[in-house]
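K.L.:
Got a sequence here, can you model it:
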Amino acid sequence: MKQEYGYCRISTPKQNIDRQERNILEVYPAAHIIKEVYTGTKTMGRKEWNKLYKLVKQESAAGKEITIIFDSVSRMSRNAEEGFQLYEELFNLGIRLVFLKEPHINTDTYKNAIDTKVQMTGTNADILLKAINEYLMTLAKEQIRIAFEQAEKEVLDLHQRTSEGIKTAKLNGKQIGRIKGNKYTTKKEIAAKAIILKNSKDFNGTNTDSEVISIAGISRNSYYKYKAELKRAAEE
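P.N.:
Predicted coordinates:
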């Protein structure tokens, strides 16, 4: 019995996960899609991935043919060492891994490298043939490792660019983030204060506190905070 899973991951809720899902279903329409929002390079904190990981190990042990599809290798792991170890572990469990953007490291490719070993001859030539087989396996492993290293490098490069961008902005006199102690006024606050000034009996209106809270559509805490600020401003 075959079972296909498509694993999609984004780093923040603001990102769009639909592209990954669409890419996977286009090639594997029967895949069960697993979605996750997680920031970080390691798999330890990924709840959905860890549930999938546990499930596929159980299903594989029960004799199911399992395939996990990723849009790219970076969706599996952006930590080179962890990604490579996880790849080998799942491969040794008989789980098929597919990377749509890096098909050269699909487990089918790795398996072919093992299956197509040069056969020994029982002669002195086997010394050379053994070396060739070891080279082919080393080459296959190296391609897998390079793919995960590239995914990790992309994260490091992004962090570096972000850090440099912040430094450049500071050198140019730009404020990064909020200035400690400074108060920021939102559009919602401005609108609420205008309603309070117009309607509250404490200012220019005829309505009670409860009525103004209802009109402004704000919480009691916000209302009394804004009203106190308006009174202080009037006294200054």
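K.L.:
the helices in this structure, which residues?
P.N.:
Remark: helices assigned in the chain by DSSP state H are 18-27, 47-61, 73-76, 80-92, 107-115, 126-171, 187-199, 209-216, 220-235.
K.L.:
How many neighbouring residues does the closest residue in space to E211 that isn't next to it in sequence have?
P.N.:
Leaving aside its chain neighbours, E211 sits nearest to N199 (7.3 Å; criterion: CB to CB, 6 or more residues apart in numbering). From N, CA and C alone the C-beta is placed, and that goes for glycine too. N199: 18 surrounding residues under other CB atoms under 10 Å.
K.L.:
Model confidence score at N199, please.
P.N.:
pLDDT for N199: 84.
K.L.:
So V98 is in contact with S72, correct?
P.N.:
No - counting by CB atoms under 8 Å, V98 does not reach S72; the two are 10.9 Å apart.
K.L.:
more crowded one of these two?
P.N.:
More crowded of V98 and S72, by other CB under 10 Å: V98, with 21 against 15.
K.L.:
ok, for the more buried one, nearest residue in space, not its chain neighbours?
P.N.:
I69 (4.5 Å).
K.L.:
before we move on, what about S77?
P.N.:
G83 (3.3 Å).
K.L.:
from what I can see the one you found touches F70, true?
P.N.:
No - G83 is beyond contact range of F70, at 10.7 Å (criterion: CB under 8 Å).
K.L.:
anything in contact with each of the two?
P.N.:
M76 (CB atoms under 8 Å, 6 or more residues apart in numbering).
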